[in-house]
Structures are given as C-alpha cells and as structure tokens.
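# Please find the sequence and the predicted model below.
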Amino acid sequence: MTAITPKTTSASPNFCEGIQYFGEALPGFEKYGGTPVIESGEVAIADPTNPQTVFQTLLAADALRYLTLQVTASKASGHPGGFASQAEAYAALVMLGYKNIITEVGHHAPGFYSAMFLDRSLEDMGISTVQQLRDRFREKHGLLGHLSGYIPGILGPAGPLGQGQHFAMAAAKLHKDKLFPFTVGDGGLGEPYIVSAMAHFHTAYPTVSNFLPVLVWNGYSQEHHSMVSLKTNEQMIAYWQGNGFEEVVLVNAKDFDDQNQAGDYVDSTAFSLEQRLAFTQAVLEGVDKAARSALSGKLTVFIIKQLKGAGVHARGAKSHNLYPKDTLDAPHIVSALQERALSKEAWQLVRTNCERAGGGPAAKTVVTEFEFPLPELGELPLEEYPVGGDPKVSTTSMGRLVAKVGQVDSNFLVTNADGNEASGIANINQALKIIHPTADEVYNQAPSGQVYEPLSEDACAGLAAGLALMGARTLWCSYESFAINGLPIWQTVTQAMAELRRPTPSTVTLFTAGALEQGRNGWTHQRPEIEAYFAALMRNGNIFPLFPPDANSIQVCYDWALTTKNKGIVITASKSPLPIRTTFEQTRQGLQDGAIVLQDVESNQGGSKKIVFAVIGDMTLTPVFEAAAFLETEGLSVKIVSVINPRRLYRPHDTAWDICSEADGDFLDDAKFAELFGGDVLIGVTGGAAAMLEPIMLRSTAKRDTFAWRRGETTASAGELMAFNGLTAQALTKRAMELVH
C-alpha cells in the first residue's frame, strides 16, 4: 500500500497526533468498515465468523503492530518482535470481550501499552495522543520498559520469565466467572516452572480452569531459536496434553501461506489480503473455542504459531530488540511503518471497538482496578505466655493464629513446599487441611483445604504473592534455607505493590528452620544468607523483615502484618522451644521503634563503660545473655537490645518509603536511637547475614563490631554450629573487652 504523512491528509482523530504515517484504506473497508462491529452498549462481537468482524479484527492487529513498532522506535529501544507475532490473538481476545489479559513476557510491554492506549486506559495517566505515548515510553513516571501494575489497565507486573501464570491462576481462583488469558513465549516455555505450576494448580483446583495460556510459538527466543522450535505440531500438542490440558487449540499461520515462505514459521502479514483474513478468522474462532472451553471447566491452551516479528521491522530473533540504529528515520523502520499504516478512518474504527470491548477501557473494568472485598478478621486469639515461664515454640504459637484467619477468610491460602509439620506448624494443617485429591485424616488432606503444598518454592511463592497482589490474604511458609528459590516472584510482587494504585494485603511470609537449628543436616540446610537479600530490599521502603525473639512476640508480629497494605512482611523464627523474654506490649513497642531492651544492667562501679549488644534473632540471644553475665562480673554495664523490626532503624532518607503506595514513614529518631543503642561499645549479633545490622551500624558512633553467619557445617547442636561461626559467649566477651580497652 502507499503511505502518506499526516500533513497531506485531511484532519485525523485527535488521538492520532504523533502517528508518523497514514495509509490508504484496505480493499473492502467501505463494505466491512463502515460501522464498528461492536455496537454501542455491547461488550463483544456477536459472531467470530462474520466477515465484518474478521476484517475489523485484522485492522486491530495491524494497529497494535504499528503502535508497538512506532513507540519502540521512537526511543530506539524496547521489544516489538514477540508481541507482533501474536497480534491477531490479542486482537481476537479484545474483540471477544476479554480484557483481563496478563503476560508472562515482560518484552510484550510495548504491545500491552499500545492496547491500553487504543482502549483509552492510558488517559488515566495523561496519555491521550500517540505523541504522548511515544514521549513517555521508557521514561520516568511513564511507561516503564517492562509491565507494572502502575499502568492503568495492566493486571500484573512482568519482568523475569516464568511468573505470569501465577498471576493468571491467582486471579482465576478469586474470580471464577471471568477469563484470564496470559501470553507465554516459546522462549519462556523453557522455564520449568510454567507448566508444572499449572499442573499442580489444576490438581489442587480442578474446577478452576478459567485461566488461558496463549502460547506464542514463533520459533525464536531473545537471541536465537527457541528450544522448542524443532517440535512438530503433533509433538507440541502432545506436550500440553501430557501435562493435563484437555483442550489444545493450535492455529498455524503456515496453513494459510500463499507466498511460499520457507520454514515452519511464517509471517501472515506477507499473505494476500484474502489469506490474511482467513488466518485472522481461524485465530478468532480458535480463541473463541479456547475461551469457551476454559470457562466451561476444561484446562485449555491456545497456541498461535507464527514467525517472530511478523509485520514489524525484522523477523526471527533479530526482531526482538531495538538498538540505537533502529530509529524512526532508519529506512527499515520507515518501510515497516508504512507497510502497516492504517487510514485515519481505520484508526477511529479500531479505537471505538477497543473502547467498547469488555464494557469499557481496561482501566475501568479489569479486576485489579478494584479493591478485592475481604471479611473482617476481628480480634485474633492471641495467648500471652508469662515471661520466664516454660519455653514455647514460636512457629506453633503463630500457627494457631493462622488457623483462625483461614477459618474466618475462605479465600485465605497458606503455601509451603517443605511441609508445615517440619516447621512446627502442624496445627495449620490440622485446622485448614492440605489441598489434595486424596482425602486422608491421618495426613490432614482434603480436596477443599486451604494449604497449598507443591514441592516448588516458585509455585508456593508465586501463588501466595500473586493472590496478595490480586487482593487476597495469604501466607507463604518456607524453610529459610530454601526460600531463595521463590524470592524472584515475591520481589516482583512487592516492588509492584510499592507503586500499585490501590491497597492490597501485604504479602506475608514465615521462614522457619533457621540455619542454627539445622546442625545435623549440614550446609545444604544452612543458608541464612537469604537475610542479606531482605536487608537490601529494606531500602525499597515497603519491605519489613521481622525477627520476633519468642512465642509472644511472633503473635504480635503476625497480628500487625495482617493490618498492613502493599508491603512485604518477612517473619523469621525458630521452630525450637525457646524462653519467653517479652510481653505483647514490648513487641508492639518494638514494631514501632524497631527494637526493645531486654536487659539493661548498670554496674555498681562508678564510671564503668557500657557495652550494648544489638541482637537479631531468637536463638542468638542465648550466647549473648551468657556473655552479658560474665561481663557484668567484670564490673561493666551491659545492655541487650532485641532488634525486631530493623526497617524502622534506618534514617528516612535511606529508603524510598516516600514514593511507596500506602507509604510508611515511621523511623526511629536520633534521640530514641541513642537511648536504645547508646554506649561505649556496640556489638551487633545475628545468626544470619551481617547486612541486616546495617541500619544500626550506619547510625552508631560507638566503637563497634559485628558477629554474623559465616558458613555452614554438619554439627550435633545449635551451640556447636554457633561456635563454628564464632557466635559464642567466649568470643563475644573477648571482643567486648578488647573494644572497651
């Protein structure tokens, strides 16, 4: 087709300002493009086989391709190729009225932004024209390079591969009457978690099938052929069937090719118009069939097989990313845009259909634009044990409260890959039951349970964090050693929560079986370095690692976590019976101030120096109290401070708290910090990573040192393992004496 610039045409719709090229109307536009096929007051097309519907869906696909390429080329940056290869599928979903669309592929971001622009969702952030779309792409306070819930109409974030299915499944579980399609690339299919996560979810929730993976099978990954590029159609279908999918709908562009393109993957935009329409109709019918199947109770996948980069500036992996040479003035970009250019009448037609589809802009209709209703929990049955009384297991005390939450809130879910019983929280299983198709009272299993136990931390963290992002209460439980395998998606969700435009329950975790309890298991189970991860995340401003020192404290910590919004709350505690050292009120104060004083003994010798121990954790308090007792006999003043909420101990300017959604700007002031930690010597002690002590070490001006985890070893006891890491009363005493003198 020939293309001309806007300057030489009659007036175009206002939203088209910034479109580089307009084209002539496609043949048949007068017949099939006169009026929008989605009529006023309707939410979807009436018939996917109607020639008018097919024609207008093709226009929508081309509009998506055009915008995706022009927007990315405006910054010579971004990823147009993957989204372009499935534009017909996305257009079909929208025309069929489905807008709760998620992606597993962060590189599809410019295509999703184009879709949000077409249906006017982006007007909520001041983007009304294509020029504004171009200007704010990949810019601060604009359209970030990969998807985020900050963008109106976008349901979930997308960055690392292998995450999108969790968001789709979480949304499907909470909204059983709606369809949640999500695009997944054949490059990302190499991530082992995607299909296994869906298989376990389907076993646990066989009636929740209203999520629809849309496999973009285009033959390429980011920089090379995808690992599944050599599979035959039959093998690909068998793969999905072998993983429990009852309905596999595959539409292959190759079947419609009339241009004799080489290879198994072809570009439908090179077909004759007749065959382009035939392919588009097949996609429409296939998506309609797949959607109806998923909504009717069948685990379903839709597969579109089309060459990566179809209809944009390059093909194959070369289309994946734009580089500095790929500007709007570059001949290959100009040529591609002109080839895809629509007439101004076509743009208005596409805009109207997209706006009407689904009942309005995604920013006004998708489920994440509304706060999910939650039942009131009332007062939890906290039980305060006497200080100095019998030792108690912290995790078990928290488990009793978790059980109550699940009994009040039917959507509440607990996830655990390594078994709750092994973490001292069998009471959760007893009360809420493990979700399992085999009912068994001995093992606390029931099909309708609320404890989700796939043997994958990614699947545990993914569903728990995904549900929290979608608005539900959850708890992810893990051994501290293994939680690292689930943290990528948990971090994705917490960072999304920091910029979310609505309140949602914080994603709460309980990490147990700490390194010091795992002596006999050896270093494979001794990985408290994970705490360094959370120490770094504290600077985000919405991450709160909590270290309750006993069974009283953990109850108050969990009770507080349930009241928070848009945060990541990490509770780390032992599963061993430990002394009761605090009251409820002390922990409430510790949550506010960051720490509490457990012991403050002034020497009766005038002018004696004071040693302050800042202690993170529960088991680590044992050698500290032993050291304190000896130091007191040496005539020194000793204070033991339990650090419960280290995020409070940073200075306000250390974190990004003020740009967080549901911002929490409470930090301990200098006067109170001095009151808590002031002394001649400060020694920080933790059984985990020393980085967690940073907020204290940054502010203290005393002589100071840290004692922290070094590495694991097989030992017979926690004491022996602490000794291996230098965490002994003798070592603490020796260093304190050195610093005093």
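Now that the structure is in, tell me what you want to look at.
# Doesn't residue 216 lie inside a strand?
Yes - Residue 216 forms part of a strand when assessed by DSSP: H, G, I helix; E, B strand; the rest coil.
# my guess is it contacts residue 104, does it?
No - look at residue 216 against residue 104 with CB atoms under 8 Å: they stay out of range, at 9.6 Å. Where you see a C-beta, it was placed from the backbone N, CA and C, and this is true even at glycine.
# Please enumerate the shared neighbours of the two.
Counting by CB atoms under 8 Å, 6 or more residues apart in numbering, the common neighbours of residue 216 and residue 104 are 183-185.
# how about the residues you listed in CSV, adding pLDDT and neighbour count?
Shown next, in CSV, are the shared contacts of residue 216 and residue 104 (pLDDT from 0 to 100; neighbours: other CB atoms under 10 Å):
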residue, pLDDT, neighbour count
183, 96, 29
184, 95, 28
185, 92, 28
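# and of those, the nearest to residue 402?
Lowest distance from residue 402 to the shared contacts of residue 216 and residue 104 (CB to CB) belongs to residue 184, with 32.8 Å.
# Helix, strand, or coil at that closest one?
strand.
# Check whether it really touches residue 211, as I assumed.
No - using CB under 8 Å, residue 184 makes no contact with residue 211, being 11.2 Å away.
# So which of the shared contacts of residue 216 and residue 104 is the closest to residue 125?
So of the shared contacts of residue 216 and residue 104, ranked by how close each gets to residue 125 (CB to CB), first place is residue 183, at 22.6 Å.
# residues in contact with the closest one?
83, 86, 89-90, 101-105, 108, 164, 214, 216.
# For ChimeraX, write a command that selects the buried ones of these.
A single ChimeraX command is used to select the members of the contacts of residue 183 judged buried by 16 or more other CB atoms under 10 Å:
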select :83,86,89,90,101,102,103,104,105,108,164,214,216
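# From the contacts of residue 183, which land in strands?
102-103, 214, 216 (DSSP state E).
# picking up where we left off before, for the contacts of residue 183, which two are the farthest from each other?
89 and 164 (14.8 Å).
# which stretches of the stretch 601-741 of the chain have low pLDDT?
Along the stretch 601-741 of the chain, segments meeting pLDDT under 70 span 606-607.
# just checking, residue 189 touches residue 226?
Yes - applying CB under 8 Å as the test, residue 189 and residue 226 come out as touching, 7.3 Å apart.
# Report how many residues lie close to residue 316.
Residue 316 has 18 neighbouring residues, counting by other CB atoms under 10 Å.
# can you give me the strands for the stretch 351-500 of the chain?
392-393, 413-416, 434-435, 445-446, 451-452, 474-479 (DSSP state E, counting those that start in this stretch).
# Which among those strands is found nearest to residue 72?
Of all the strands of the stretch 351-500 of the chain, strand 474-479 comes closest under CB to CB, at 35.8 Å.
# Tell me the strands beside the closest one, with direction?
strand 413-416 (parallel), strand 507-512 (parallel) (DSSP bridges).
# Break this structure down into its domains, please.
The record's domain split for the chain, according to automatic domain parsing, is 3-22+41-205+215-369, 392-578, 594-740.
# could those domains go into TSV alongside distance to residue 28?
Shown next, in TSV, are these (distance: least, CB to CB, whole Å):
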stretch	distance to residue 28
domain 3-22+41-205+215-369	6
domain 392-578	41
domain 594-740	48
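# Of all those domains, which one is nearest residue 29?
Nearest to residue 29, of these and by CB to CB, is domain 3-22+41-205+215-369 at 6.8 Å.
# Pick out the residue closest to the middle of the protein.
residue 493 (3.1 Å; CA atoms, centre = their mean).
# Quick check: what element follows the helix or strand of the chain with the lowest mean pLDDT along the chain?
Scoring the helices and strands of the chain by mean pLDDT, DSSP states H and E places strand 3-4 at the bottom, with a mean of 46. Remark: after strand 3-4, the chain's next helix or strand is strand 22-23, criterion DSSP states H and E.
# just to revisit the earlier point, how about the residue nearest to the centre of the chain, nearest residue that isn't a chain neighbour?
Among residues not flanking residue 493 along the chain, residue 465 sits closest, at 3.9 Å (CB to CB, 6 or more residues apart in numbering).
# Tell me who's in contact with that neighbour.
Residues in contact with residue 465, defined by CB under 8 Å, 6+ apart, are 166, 474, 476, 489-490, 492-494, 507.
# next one: residue 218
81-82, 85-86, 185-186, 226, 265, 305-310.
# closest to residue 341 among the shared contacts of residue 216 and residue 104?
residue 183 (25.0 Å).
# Name whatever forms a beta bridge with that closest one.
With DSSP bridges applied, residue 183 shows beta-bridge pairing to residue 103, residue 214.
# Check which helices and strands the helix or strand where residue 642 lies sits against.
Counting by DSSP H and E, the element that carries residue 642 is strand 637-643. Applying 3 or more CB pairs under 8 Å, 6 or more residues apart in numbering; DSSP states H and E, we find strand 637-643 packed against strand 595-601, strand 610-616, helix 621-633.
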